[in-house]
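> Let me see the structure of the following:
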Amino acid sequence: MIQSADIREWRDRDVVDTDSHKIGILESVYVDTTTDEPAMATVRVGLPTRHHLVFVPLEGAVVGPGYLKVGYVKTLVKQAPSIGTDEVLPAGDEAAIFKHYGLPYAPGASGERQLARR
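Reported below is the predicted structural model:
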């Protein structure tokens, strides 16, 4: 597993898919609130004047020289739920991200968020 401190060092590096096609630029890391382990990353995509951030799971991600390779294809990642570059992920939108990737979503017993930005 990649440690969250290590991933923060890769901010602004390329994010590539399983076939090494560039998806975008690593913007930030979200950790699972129950384990404090890296769970998702936001990737800056789009035109220079119209960037937005898409979410991608970090399970199975591999760090290489100058890039972070995720375990998903570019087209799936680019179709993922997104937010604006100056926006915060609304708690109600977390489940849609997990559903997009076919992953289980489990908020806390009292409805706490599963993801927290680091």
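> where in this protein is pLDDT low?
Applying pLDDT under 70 to the chain picks out residues 1-8, 108-111.
> longest helix in it, by residue count?
helix 94-100 (DSSP state H).
> Go ahead and name everything in contact with the helix or strand just after that one.
Next in sequence after helix 94-100, counting helices and strands by DSSP states H and E, comes strand 115-117. Contact with strand 115-117 is made by S28, V29, Y30, V31, D32, T33, A39, M40, V88, L89, E94, I97, as judged by C-beta atoms under 8 Å, 6 or more residues apart in numbering. C-beta: built from backbone N, CA, C; applies to glycine.
> so how far is L68 from the second one?
This points to V29. As judged by C-beta to C-beta, to the nearest Å, V29 and L68 stand 10 Å apart.
> before we move on, what about the third one?
For Y30, the distance to L68 equals 14 Å [C-beta to C-beta].
> Residues that sit against both of these two, list them.
The contact lists of Y30 and L68 share A41, where a contact means C-beta under 8 Å, 6+ apart.
> Pull the residues that contact the longest helix of the chain.
40, 55, 76, 79-81, 89, 104-105, 107, 113-115.
> make it 7 Å
With C-beta atoms under 7 Å, 6 or more residues apart in numbering as the test, helix 94-100 has contacts from M40, F55, A80, P81, P104, Y105, R113, Q114, L115.
> List only buried entries from the residues you listed.
Buried subset of the contacts of helix 94-100 (neighbour count, 16 or more other C-beta atoms under 10 Å): M40, F55, A80, P81, R113, Q114, L115.
> rewinding a little: so of the contacts of helix 94-100, which two are at opposite extremes in space?
A80 and R113 (17.8 Å; C-beta to C-beta).
> Looking at the contacts of helix 94-100, which is nearest G64?
Of all these, M40 has the smallest distance to G64: 19.4 Å, by C-beta to C-beta.
> gap between that closest one and T49?
According to C-beta to C-beta, M40 stands 26 Å off from T49.
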